[in-house]
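*Asks:* one predicted model, sequence on top.
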Amino acid sequence: MEAARAKRFADGLIAVVKRACPTCVAVEPALAQLAAAEPFTVYSQDDPAFPAGLRGVVDDRSLEVSYRLGVQIVPTLVRMKDGKEEGRAIGWNRAEWEALSGMRGLGPGLPENRPGCGSRTEEPGMRHRLAARFGGVPIQSRKIEIPDEADAIEVCYDRGWSDGLPLVPPTVERVLAMLEGTTRAPDEVLGIMPPDRVECSVEKVAVNAVMAGCKPEYFPVVLAAVEAALVPELGLHGVLCTTNAIAPVVMVNGPIAKRIGMNAKGNVFGQGNRANATIGRALQLVVRNVGGGRPGEMDRACFGTPGKYSFCFAEDEDDGVWDSYAVEKGFARDASTVTLFTGDGVAPIIDQVARTPEELVRSYAPCLRTIYHAGQVADVAAFLVIGPEHARVFYDAGWTKSRIKDELAPLLQVPVRELKPGFGVDDDVQRLKLEQPDASVPKFKTGSLNIIRAGGSAGLFSAIISGLGSITINPVTKEVRP
Amino acid sequence: MTELLDPTSERAPLTRPRIARPQSLGGKTVALLDIAKKRGDVFLDRIEERLRSQGHRVKRYRKARFSIVAPPELLRQIRAECDLAVEALAD
């Protein structure tokens, strides 16, 4: 991008100023001295009639020259020779200006040094607007021109890009700003996105993250979520095309969750937090727009779930008592990770009476047992979300997450005679009923019941996020890279 | 004039013409692909029975799991060995 900024300037001195800067106003006499002595061009960022005493001031209200020179502070004095910059002075400093110009006695009456003001190129959002207009923008996506009288949000709807809610129009400026959220190159390919099996680049994810409403600082999390979605073990193709109600659920662990202001506490699965809402939405928009996964086409869900708009949250790691899900999976405590798993909704468990861990697991077990059907054991998975007030009961008794799982296991045995056929394992069910009619089998196969902690501080509640777990559909965790 | 960036994969819609339907099954080999969805095999068994009774050649194939796409090797094999394919989606 720097190379594309290059523009050949004539030999001599160049000054960039703006009227709104008191230092620029104060150095007017020094500028007049320079103008009298040698080839000298003054560019004015805000008023071509300033400085009034100089002739031939160049109007740079477009900021093209300021951008190409990389001006950050005004006044800036630059010496060019043979098309190259030989030196630069920022703000007013008599010694520096005299050294650069070779003149003595500049700006009599001025102090030795006076700092300048911010260049207009540094105004909020301006850098990306200028890069889009004048820079060699490293963007490969097709540009779609829309007339000024068209409503960009309606254009996004008309093009079929929306999940039903309004999108932030993905302008070049916004996408460039999003790409600054990562050090990764825009053309890096993250993997092959189902169902269309097309390459998914960092840039395409950025375009969709803009539309979803993400801030650039969320972008590394969005990228990790997309990377996780592309790992074959997640089974995104199956997750997408199933008649089941599942969606990929995004769970964030580690310090980045707080850094970008994610919610792990009150209303954790609800509305109102920009990071939670837009990161999950960005993933869904990538699936829709890059992968081509749209309802009624490859997405054959019978019911679907509101989680297909966005289902994203952070695990609450503040308690410091239990290992987080990511630590349980072997990631470092200070690592930031994104875990994707399938979920179809949130089913609360309310027990306001239990005061011992044994009572609580006896409340959880029958709720977990009924997922999909009390007689289904095939392909069932769940994340059991323990709220802070329930968690306290376990902490007081010294129970870990794995102790809870161990205590739940015998309570989650399903008698063979209650097994319901029709879940793809009928032969096994039939054989068991014949050979071991009095036996029982676990509701969850090993690893498909996970425990996390989240939620608000008031309420003796926990919750179940149920989903699918099978040989082709499993949770996937990816570390967040800058 | 505002410029928006295309968020899609920018693939041209892939509308390929269907392969011409054969006038008859005479001399053709028919692939029956079981995608591993429950009871799809019941349907395919019956199709196989009827095709064989009419003297047609039949080859059976199976995907490991319905929720994954058919592996490219399997598609290549079917294409190399057969003229027609039937798959069953059932539940």
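*Replies:* Here it is on my side, so go on. Only a predicted model underlies this, so the values are computations on that prediction, with no experimental measurement involved.
*Asks:* what about the helices in chain B?
*Replies:* For chain B, applying DSSP state H gives helices covering B:40-53, B:72-81.
*Asks:* kindly compare burial across those and name the winner.
*Replies:* Most buried of those by mean neighbour count (mean count of other Cβ atoms under 10 Å in any protein chain shown) is helix B:40-53; its value is a mean of 15. Heads up, the C-betas are built off the backbone N, CA and C, glycines and all.
*Asks:* returning to what we had before: and A:Arg61, which of the helices of chain B is closest to it?
*Replies:* Of all the helices of chain B, helix B:72-81 sits nearest to A:Arg61, with 57.5 Å by Cβ to Cβ.
*Asks:* for residue 37, which non-adjacent residue is spatially closest?
*Replies:* Using chain A. A:Met103 (6.0 Å; Cβ to Cβ, 6 or more residues apart in numbering or on different chains).
*Asks:* oops, chain B please
*Replies:* Using Cβ to Cβ, 6+ apart, the closest residue to B:Lys37 is B:Phe66 (4.3 Å).
*Asks:* any idea how far A:Thr472 is from the one you found?
*Replies:* B:Phe66 is 9 Å from A:Thr472, where distance means Cβ to Cβ, to the nearest Å.
*Asks:* low-confidence ranges, chain B, go.
*Replies:* B:12-16, B:91 (pLDDT under 70).
*Asks:* tell me which parts of it are close to chain A?
*Replies:* B:1-11, B:38, B:65-69 (Cβ under 8 Å from any Cβ of the partner chain).
*Asks:* identify the contacts common to B:Phe66 and A:Thr472.
*Replies:* Here B:Phe66 and A:Thr472 have A:Gly238 as joint contacts, going by Cβ atoms under 8 Å, 6 or more residues apart in numbering or on different chains.
*Asks:* what number of residues lie near the closest residue to chain A within chain B?
*Replies:* Residue of chain B nearest chain A, by Cβ to the nearest Cβ: B:Ser67 (2.8 Å). Using other Cβ atoms under 10 Å in any protein chain shown, B:Ser67 has 23 other residues around it.
*Asks:* next one: A:Val252
*Replies:* Counted by other Cβ under 10 Å, the residues lying close to A:Val252 total 27.
*Asks:* tell me the contacts of it?
*Replies:* Counted by Cβ under 8 Å, 6+ apart, A:Val252 has contacts A:221, A:262, A:279, A:312-315, A:336-339, A:480.
*Asks:* what helix or strand is it on?
*Replies:* strand A:247-253 (DSSP states H and E).
*Asks:* show the average pLDDT along that strand.
*Replies:* Averaged across strand A:247-253, pLDDT comes to 97.
*Asks:* in the stretch 201-350 of chain A, which spans are helices?
*Replies:* A:202-212, A:219-229, A:236-241, A:256-259, A:274-289, A:325-328 (DSSP state H, counting those that start in this stretch).
*Asks:* returning to that earlier point: in TSV: the contacts of A:Val252, plus pLDDT.
*Replies:* What follows is the contacts of A:Val252, written out as TSV (pLDDT from 0 to 100):
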residue	pLDDT
A:Val221	98
A:Met262	98
A:Ile279	98
A:Cys312	98
A:Phe313	98
A:Ala314	98
A:Glu315	98
A:Ser336	98
A:Thr337	98
A:Val338	98
A:Thr339	98
A:Val480	98
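*Asks:* strands - which of these land there?
*Replies:* In strands, defined here by DSSP state E, the members of the contacts of A:Val252 are A:312-314, A:337-339.
*Asks:* hmm, which of those residues are the buried ones?
*Replies:* Neighbour counting by 16 or more other Cβ atoms under 10 Å in any protein chain shown classes A:312-314, A:337-339 among the ones in strands among the contacts of A:Val252 as buried.
*Asks:* and A:Val250, how far is that from A:Val74?
*Replies:* Distance, A:Val250 to A:Val74, using Cβ to Cβ: 44 Å.
*Asks:* how about A:Ala206?
*Replies:* 32 Å.
*Asks:* quick one: which of these two has more around it?
*Replies:* A:Ala206 (32 against 29).
*Asks:* contacting residues around the more buried one?
*Replies:* Applying Cβ under 8 Å, 6+ apart to A:Ala206 gives the contacts A:175, A:178-179, A:186, A:219.
*Asks:* closest to chain B among those residues?
*Replies:* Using Cβ to the nearest Cβ, those come closest to chain B at A:Val175, 5.4 Å.
*Asks:* distance from the chain centre to the helix or strand harbouring that closest one, please.
*Replies:* Using DSSP H and E, the element containing A:Val175 is helix A:172-179. Computed by Cα atoms, centre = their mean, to the nearest Å, the separation of helix A:172-179 from the middle of its chain amounts to 13 Å.
*Asks:* and it, what does it pack against?
*Replies:* helix A:126-134, helix A:202-212, strand B:2-5 (3 or more Cβ pairs under 8 Å, 6 or more residues apart in numbering or on different chains; DSSP states H and E).
*Asks:* try it again at 6 Å.
*Replies:* Contacts defined by 3 or more Cβ pairs under 6 Å, 6 or more residues apart in numbering or on different chains; DSSP states H and E place helix A:172-179 against helix A:126-134, helix A:202-212.
*Asks:* what comes up buried for it?
*Replies:* Buried, per 16+ other Cβ under 10 Å, within helix A:172-179: A:172-179.
*Asks:* can you list contacts of whichever helix or strand comes after that helix?
*Replies:* Remark: after helix A:172-179, the chain's next helix or strand is strand A:189-193, criterion DSSP H and E. The contact list for strand A:189-193 (Cβ atoms under 6 Å, 6 or more residues apart in numbering or on different chains) reads A:199-201, A:226-227, A:230, A:290-291.
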